[in-house]
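Asker: Build me a model:
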Amino acid sequence: MSAMPQMPETTPAPRLAFAADFADWIEQAPQAAFAAFLALHFVVWSALPALLYANLPLDLIEALTYGREWQLGYDKLPPLPWWLVEMLHRAFGSDAAYYALAQAVVIVAFVAVWATARPLVGATGALIAVLIIDGMHYFQYTAVKFNHDVIQLPFWALAGYAFHAALKRGLLGHWFLLGFSFGSALWAKYFVVVLAAPYALFLIFDRDARRALATPGPWLALVVALAIAAPHIVWLFQTDFLPLAYAEHRAAEVRGWYDHILHPAVFVGSQIFFMLPSFFIAAPLLWRTPLRLVGRGWGWGSRGDARSSTLASAPPDPPPHSPPQGGRDYAFDRRIVTLLAFGPGLAMVALIAVSGRGTFAMWGYPLWLFVGLWIVLMLRARLDRARLAHVVAHWGVVFLIFAIVFIVNYSVLPLLDHRYRAVFYPGDKLATVLTQRFHDATGTKLRYVVGSMWDGGNLAHYSPDQPEVLIDGLPRRAPWIDLADLRKKGAMVVWSGGDTAHLPPQFATIAGTAEVGVPFDLPMRRGFGALHVGWAILKPQ
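Answerer: Sure, this is the predicted structure:
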C-alpha cells in the first residue's frame, strides 16, 4: 500500500502573520491593548476637529459666553461644562484644548466601563465591551463638540462602576463614589433623574440588592449626592426653576393620545439606528458556527492550528474569584449589568410615554454605556481567539469609516456643496472688523456686545477685547450684566441674515439709539457662501 503524498508545509503570508501576532498581543497584554486604544481614540478625535474646524461650533461658543460669568446656574442648563471650558480658555487660550477636553471625559467613561467589566469578563472581555460601545457616534464623531451631553458620560459611567462595586463588596468608599457621581451629574445635566430612578428601584425591588438598604452605604451616597448638588438646587429654588422653561420649550408639544406611543417609538428607533455600528462590532460574538479568518483554521498554518483552542470555560484573563455561571452570585451580576445597560434607557422611554412630549435623539448620549458589557457577559462562553480577532477587525472598520466621513464632510464636501456649516463661520474676521470699527467710533475698548448667542458669542470670543454678551438683547438671559454700565461704556450690536440695514426689533429696547452702519458681507472660512452682517454702535453715554 503506497504512502500518501505529503502536502508541503505552507508559510503564512506576512499579512496573516501580522494578524496572528496582533491577536496574540491583545490576549497576552490586554491592558496595553486597552491603553493603545485609548491613546488612538484620544489623538484621532482630538486632532480631527482641531485640524478641520475653522471656527468653534455653537456649543463651545455658548460655553465661552456663559462660563466666564461663573454663575451657579443659567437660564438653560447647569454650569459645569461651561466652567470647564472657561478654565481651559484661561489656562491655554487654544481652541484645540476644548476638543481634547471632550475626548478626555470620554476616556474617563471608557476607563470606568473597563473597570466595571474586568472583574466580570476579564481584561480582554472588558476591552471588547468598550470596543462595542465605541461604535456609537456618541463617543467620537459628535463628542468632539464638548457640551452637556458629553460631560455626562464620565459621571454616568462612574455611577455604574460604583453601584456594581458597592452592591458586590459593600465598601463605603464605593457608596461615596456613587453619591459623588450622582451629585456631580446634576451639575452636568438635569437628565440625571433618568439615571437615579432605575438605580433606586433596583435597590428596593431586587432581593439581593435590598439588603444594602439595611447598611449605611446607600444613605451615605444620598447624603453625598445632596451635599454636592445643594448649591445648584438652592439656586434652582431661588430662580423658580428657571432652566425648566428652556427644557419645556425644547420638547415637542403633545398633539394627542397617539404621541404617548409615537414619541417613545421614534426615540427607540433612533437609538437602535445609532447602535447599528455597535451591533456590527459585536456580531462575531453572535455567530454560532466556528469562525475562520482565512483558509484553514486561523490561516496561520501549523502555528494557528496549534493555538486555536476555545476559551469557552472562562474569558481571557479571568478574574481570580469568578463565580461559576448559573450560580446565585453570577445571576446577581447579570441582573446588575442588565440594569446598568438598559435601566436608564427604559426609564427614558417610560418618561416619554407618560409625558407624551417629543425628545431629541441626541439625548441618548449616556444611556448605553454598559450595553457592550451586557453583550459580552451574556456571550462570554464564545470569547475565543477567532471571535476576538473579528471583533477588533469590525471595530477597526467602523472607526475608520467614522474618521473618513468626518474628514470628507469637513474638507471635501464644502468644495462641492453649498450646505451651511457653522464651523466655517467667519467669527475671527467678524470680530476683527467690528472691534476695530468700535474703536474708531468711540476711542474706547469694546466692553459689551448685544446680539444672538451665535453672532454675539463669536464676536465676543474672537475679539481681542473679550467683551461680555447681552444675549438676544434680553436682560433676563444675562442678569449679570449691569445695564447702566452697558449704556455708560457703549456696545456693539450685531446680527446676520434678514434685513441687515435696520436694527432688529428685539434689540430696540436696549439699543434703540444705536447708530446703524452700512451692512457688509464676509466670506465663509471654507467652501461657498457669505455672511451678511448688520451692525450698529451704541456709543458711550
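Asker: quick one, helices of the stretch 351-500 of the chain?
Answerer: 371-378, 385-407, 427-442, 453-462, 483-489 (DSSP state H, counting those that start in this stretch).
Asker: Which elements pack onto the fourth one?
Answerer: Read that as helix 453-462. helix 58-67, helix 427-442, strand 448-451, strand 468-471, strand 491-496 (3 or more C-beta pairs under 8 Å, 6 or more residues apart in numbering; DSSP states H and E). Just so you know, the C-beta spots here come from the backbone N, C-alpha and C atoms, and that holds for glycine as well.
Asker: where does residue 68 fall, phi/psi-wise?
Answerer: phi -60, psi -20 (degrees, to the nearest 10).
Asker: Over to residue 464?
Answerer: The phi/psi pair for residue 464 (degrees, to the nearest 10) reads phi -70, psi -20.
Asker: could you give the angle of the longest strand belonging to the chain to helix 427-442?
Answerer: Selection of the longest strand in the chain by residue count, based on DSSP state E, yields strand 530-538. With axes from the mean of the first three to the mean of the last three C-alpha atoms, to 10 degrees as the basis, strand 530-538 and helix 427-442 are set at 30 degrees to each other.
Asker: what angle separates strand 530-538 from helix 453-462?
Answerer: Using the same axes, to 10 degrees, the inter-axis angle of strand 530-538 relative to helix 453-462 is 80 degrees.
Asker: which neighbours does strand 530-538 have in its sheet, and in what orientation?
Answerer: strand 491-496 (antiparallel), strand 515-516 (antiparallel), strand 520-523 (antiparallel) (DSSP bridges).
Asker: Compare the helices and strands packed on helix 453-462 and give me the one nearest residue 229.
Answerer: helix 58-67 (19.2 Å; C-beta to C-beta).
Asker: Mind listing residues that contact that closest one?
Answerer: 56, 74, 79, 81-86, 89, 95, 98, 145-147, 422, 427, 453-454, 456-458, 460-461, 469, 471 (C-beta atoms under 8 Å, 6 or more residues apart in numbering).
Asker: What's the PyMOL syntax to select whichever of the residues you listed are buried?
Answerer: To isolate the buried subset of those in PyMOL, counting by 16 or more other C-beta atoms under 10 Å, use the following:
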select buried, resi 56+74+79+81+82+83+84+85+86+89+95+98+145+146+147+422+427+453+454+456+457+458+460+461+469+471
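Asker: picking that back up, which of the strands paired with strand 530-538 is buried the deepest?
Answerer: Of all these, strand 491-496 has the most neighbours on average by mean count of other C-beta atoms under 10 Å, namely a mean of 26.
Asker: how about a markdown table for the helices and strands packed on helix 453-462, with distance to residue 335 and mean pLDDT added?
Answerer: Below are the helices and strands packed on helix 453-462 laid out as a markdown table (distance: least, C-beta to C-beta, whole Å; pLDDT from 0 to 100):
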| stretch | distance to residue 335 | mean pLDDT |
| --- | --- | --- |
| helix 58-67 | 37 | 96 |
| helix 427-442 | 50 | 96 |
| strand 448-451 | 53 | 97 |
| strand 468-471 | 47 | 97 |
| strand 491-496 | 54 | 96 |
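Asker: can you put the ones you listed in CSV and add distance to residue 517?
Answerer: Converted to CSV, these look like this (distance: least, C-beta to C-beta, whole Å):
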stretch, distance to residue 517
helix 58-67, 23
helix 427-442, 7
strand 448-451, 14
strand 468-471, 18
strand 491-496, 9
